[in-house]
Every structure is written in structure tokens, then in C-alpha cells.
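Engineer: Whatever this is, show me its structure:
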Amino acid sequence: MRPPADLPRSALVLGLARQGEAAAAALERRGVRVVHADRKLGNDADPALLDGVDVLIKAGGVANEQPLPAAARARGIPIWGDVELAFRILPNPFLAVTGTNGKTTTTALLGEMFRSAGREAALAGNIGLAVCALDGRVPADAWVVCELSSFQLEHVERFRARIAVLVNLAPDHLDRHGTFEAYAAAKLRAFERQEVDDVAVVPRGFGAVPGRARRVEFAADDPLPREPALRGRHNRENAAAATVCARAAGLPDAAIAGALESFPGVPHRLEVVREIAGVTYVNDSKATNVAAALPALEAYGDAQVHLILGGSLKGEPFGPLAEALGVNIRGVYLVGEAADAIESAIAGRGVAVERSGDLEHAVADAGSAARSGDVVLLSPACASYDQFRDFEERGERFRALVEALEAPAASR
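Structural biologist: Numbers count the residues shown, from 1 in each chain. The predicted structure follows:
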């Protein structure tokens, strides 16, 4: 079996977790010779694996500076992400959701809107299945609504989204991209292959984007078919972005309104875990950067908040976070390697600081200090890799710790 003309004869797939496994399987089904490489196999630094290879397909978590991507560039071997491969093998129209914060909520809300309209759509990318895993699972006319990271978009070549949305753009992943400009350029690649009959959805007043698509703007104060159930101005902005995309895909306003009213949100994004003795515990573990934590502070600006901050560093300053700490912040509980940097940034803000060290102690410390009507908010403003596998594991641990708390005897 000869591979289709749009695919290589041979490929090296680097990183055999969710994205890589799905990409390798899709290639092998089409007769492409696949070489597998992964740290767990002990061969992720062997340049001999590139011999006779037409393309390197790497998972988003693999940095460009690692030995095999660096060797591929030196040899002039193209590098693709899994979304580039998916575009070549799937006949479906793509709706690409990218940006810094709010991607998952916007993607999931779009899925709810398609379901409400009785239209088939598959959610993939950084939400749900790896995008290549949709191969053979969805009908050709179903929309692929994919949440795409900068790591996936920096290696697109022919990828074309019929609808692409940038939910927002703020500094993130500077430890990987080096500069905000490089990070932003990767995000904007979602638009570069769009044609005049495609739609580019961007925040109101955002600068020019590449490509030839018709431009549509959105903002948090847009009129909507119905007010969203989700709390916070940032979630209204996500709802506005999703509404524009849904309309561009031909969904009726009645279906959009139904989804806005019923959508409960997604785990780890301002997720109310439990109320104990009048204290509300909120899991916002997805706030892996400063820009993501600021909307959480705004959403609970009318409450007395005990804020859990910290985790692994990403190369961004904490000054904007310090400036956003209002008089309603009753205490800050620091965890992880970022504790020193955050404490230094918020010094002089008049906020009580506790060096809790880890999440277990932070939940206990915050819970002990909180009173009825208060909120204990995990919105770390940092990545999780110093103490957890990812933000999901961190959020699940927070949820488990809260579920294990006992109400004070007086309130039982």
C-alpha cells in the first residue's frame, strides 16, 4: 500500500503519549513507515532514527531544542505537529480555538451549542481526544472543534481552519518560546492559511491577523441570545466568542441560547467543589499563568477570599498579580517553587502571607482561617510541574482534599 500523495512515505513520530500514538496509528493505517521515538523507549536523542525519514511529527510537549527536532532542522527535514497531520487525513471542516486563556471553556461551550442545534461536532486537540484519534470515528461532514496550543500551531504547514478564533492573547509559555512575540506568532498561525470564504474571529480592537478570512470581532459586552450561566466577565467574553463562531457555522440563535443557559462549565475552571460551614471552595487549577488568575480574582471580587498561589515558574513577572490583589483578599497561601518570587512581588500590598509549602497544607491553612461566607480559591497563577503531573492532577488533588474536610462540630 502506497501512502497518499499528501503524506510522507516515512515519518518519525516523537513523543508517544496521546498525540503521538494517535498520529502514528493514523499514518500506519495509510501505509506510511513509522519510526517510534520516546524518552521511555530511551531513543529520543538518537539522530540515526532520522535516516530515511521524510518528516518528523512531534507531540506538543516536545521542545524544539531537544536533540531530534534540532537534528531534523539541521538536515532540512520538515517538522509537523499532530494538527497538521490531522488536517491532511481528515475531510472534515475545522473550527480552531486558540489563545492564552479560556480555550477549553470556549471549545466545550461550542460543543454544547452544536449539540443543542442537533449538529454533529467532535471536540479534540487539548480537549477530549487527540485530533488524529478522530480518524475513522466521525462522519465527513461533522465539524472538528479543536483547542490548539501554541506548541501545536508552531508546526503547521497547510492547516486551514474554516473558522478560527483567538479568545485572547497574554504572555505565557515564555520558558518555551523565549519572547512574547514568538509566542504570539505561533498562536496567529491558526489564521495564516484561511481563505476569503473562511472566518477569523478576534477580540474587539485586536490588531491584524494573517490570512485572507472575513474578520468578525467580539467583546465581553456583546449582546447575546441569552446570558450565560457561568460566573465572571471573562466567561461572558468566552460566551461571546463562542456565539460568533457558532453563528459563523450556521447554528441558530435558539440553540445557542439554550447552550448558554445550560452549560455548567468545565472542571478546574472556577469549579465550585463544595461548601463547608458556609465556606465555598473553588478549584481554578487551570489558572496556570498570571493572566488566567486575574479573571478569578475579578469573579470573586465581592467575596472575602483566601487565595492559594504558586507552583512552577514560567518566566513571567508577578507584578500584575500583585496589583490585582484587592482588600477582599484575606490571606495568600503560597506553594511550590514560585513562592519566593510571588512573596517578593506582593510584599507591601498589606496582604497576610502564609508559606504553606504544598497544597495539603495550603488547604488546611486557608480552611482554618476562613469564616462563613468566605471563599477558599485555588487559582495558582503558575504551572504545576514542580509538584504535579499537570494542572488536572493538581485540581483533582485539591478536590480530594476539600472532599475530605470535616465540617466544624458546631455546624454539623
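
Engineer: switch to C-alpha atoms for all contacts and neighbour counts from now on
Structural biologist: Fine.

Engineer: Helices along the protein, start to end?
Structural biologist: 18-29, 67-75, 82-89, 103-116, 150-153, 174-177, 180-188, 233-248, 253-262, 290-299, 319-324, 339-346, 359-369, 391-404 (DSSP state H).

Engineer: and of those helices, who's closest to P8?
Structural biologist: Of all these, helix 18-29 sits nearest to P8, with 8.9 Å by Cα to Cα.

Engineer: Distance from the chain centre to that closest one, please.
Structural biologist: Relative to the chain's own centre, helix 18-29 is displaced by 22 Å; criterion: Cα atoms, centre = their mean, to the nearest Å.

Engineer: and that helix, average pLDDT?
Structural biologist: Averaged across helix 18-29, pLDDT comes to 96.

Engineer: just use 30 as the starting number from now, easier for me
Structural biologist: In the new count, where the first residue is 30, that last one comes out as helix 47-58.

Engineer: May I have that helix exported as CSV, CA atoms only?
Structural biologist: C-alpha atoms of helix 47-58 as CSV (Å, rounded to 0.1, in the frame of the first residue of the first chain):
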residue,chain,number,x,y,z
ARG,A,47,-1.9,10.7,23.5
GLN,A,48,-1.0,12.9,20.5
GLY,A,49,1.9,10.7,19.2
GLU,A,50,0.1,7.4,19.5
ALA,A,51,-2.9,8.6,17.5
ALA,A,52,-0.6,10.2,14.9
ALA,A,53,1.4,7.0,14.5
ALA,A,54,-1.7,4.8,14.2
ALA,A,55,-3.2,7.1,11.5
LEU,A,56,-0.1,7.0,9.5
GLU,A,57,0.4,3.2,9.7
ARG,A,58,-3.2,2.7,8.5
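
Engineer: which parts of that helix are buried?
Structural biologist: Using 16 or more other Cα atoms under 10 Å as the test for burial, helix 47-58 gives 48-53, 55-56.

Engineer: how much space between the residue nearest to I108 when sequence neighbours are not counted and E352?
Structural biologist: Nearest non-adjacent residue to I108, counting by Cα to Cα, 6 or more residues apart in numbering: L85, 4.8 Å away. Note on L85: its distance to E352, by Cα to Cα, to the nearest Å, is 44 Å.

Engineer: Neighbour count for these two, which is higher?
Structural biologist: With neighbours defined as other Cα atoms under 10 Å, L85 and E352 compare such that L85 has more, 24 against 12.

Engineer: still on that earlier bit, and the helices of the chain: which comes nearest V245?
Structural biologist: helix 262-277 (7.6 Å).

Engineer: Which residues in that closest one does the neighbour count mark as buried?
Structural biologist: Those would be 263-275, 277, for helix 262-277 by 16+ other Cα under 10 Å.

Engineer: Repeat that for stretch 317-336.
Structural biologist: Here stretch 317-336 shows 317-327, 329-330, 332-336 as buried, counting by 16+ other Cα under 10 Å.

Engineer: do the same with stretch 346-359
Structural biologist: Neighbour-count burial for stretch 346-359 flags 347, 350-351, 353-355, 357-359 (criterion: 16+ other Cα under 10 Å).

Engineer: And for stretch 374-388?
Structural biologist: Buried residues in stretch 374-388 (16+ other Cα under 10 Å): 374-375, 380, 383-388.

Engineer: same thing with stretch 410-426?
Structural biologist: 410-413, 415-416, 420, 423-424, 426.

Engineer: which of those lies closest to E183?
Structural biologist: Comparing the buried residues of stretch 410-426 against E183 with Cα to Cα places A412 closest, at 20.7 Å.

Engineer: Who are the contact partners of the closest residue to that closest one other than its chain neighbours?
Structural biologist: Nearest non-adjacent residue to A412, counting by Cα to Cα, 6+ apart: T317, 4.5 Å away. Going by Cα atoms under 8 Å, 6 or more residues apart in numbering, T317 touches 408-413, 420.

Engineer: Could you export the lowest-mean-pLDDT helix or strand in the chain as PDB, keeping only the C-alpha atoms?
Structural biologist: The helix or strand of the chain with the poorest confidence is helix 203-206; it has a mean of 82 (mean pLDDT, DSSP states H and E). Extracted in PDB, the C-alpha atoms of helix 203-206 (Å, rounded to 0.1, in the frame of the first residue of the first chain):
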ATOM      1  CA  LEU A 203       7.900  32.200  27.700                       C
ATOM      2  CA  ASP A 204      10.100  29.500  29.100                       C
ATOM      3  CA  ARG A 205       9.400  27.600  25.800                       C
ATOM      4  CA  HIS A 206       9.000  30.400  23.200                       C
END
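
Engineer: Now tell me what touches that helix from outside.
Structural biologist: Contacts of helix 203-206 (Cα under 8 Å, 6+ apart): 92, 209, 212, 343-345.

Engineer: Tell me the spacing between N72 and E186.
Structural biologist: Per Cα to Cα, N72 is found 27 Å from E186.

Engineer: For these two, indicate the residue with more neighbours.
Structural biologist: Per other Cα under 10 Å, whichever of N72 and E186 has more neighbours is E186, with 18 against 15.

Engineer: Quick check: nearest residue in space to the more buried one, chain neighbours excluded?
Structural biologist: Leaving aside its sequence neighbours, E186 sits nearest to E113 (Cα to Cα, 6+ apart; 6.6 Å).

Engineer: wouldn't the one you found be in contact with F180 here?
Structural biologist: No: the criterion here is Cα atoms under 8 Å, and E113 misses it with F180 at 11.9 Å.

Engineer: coming back round to it: tell me the buried residues in the least confident helix or strand of the chain?
Structural biologist: 205-206.

Engineer: Equivalent analysis for stretch 224-234, please.
Structural biologist: 224, 227-232.
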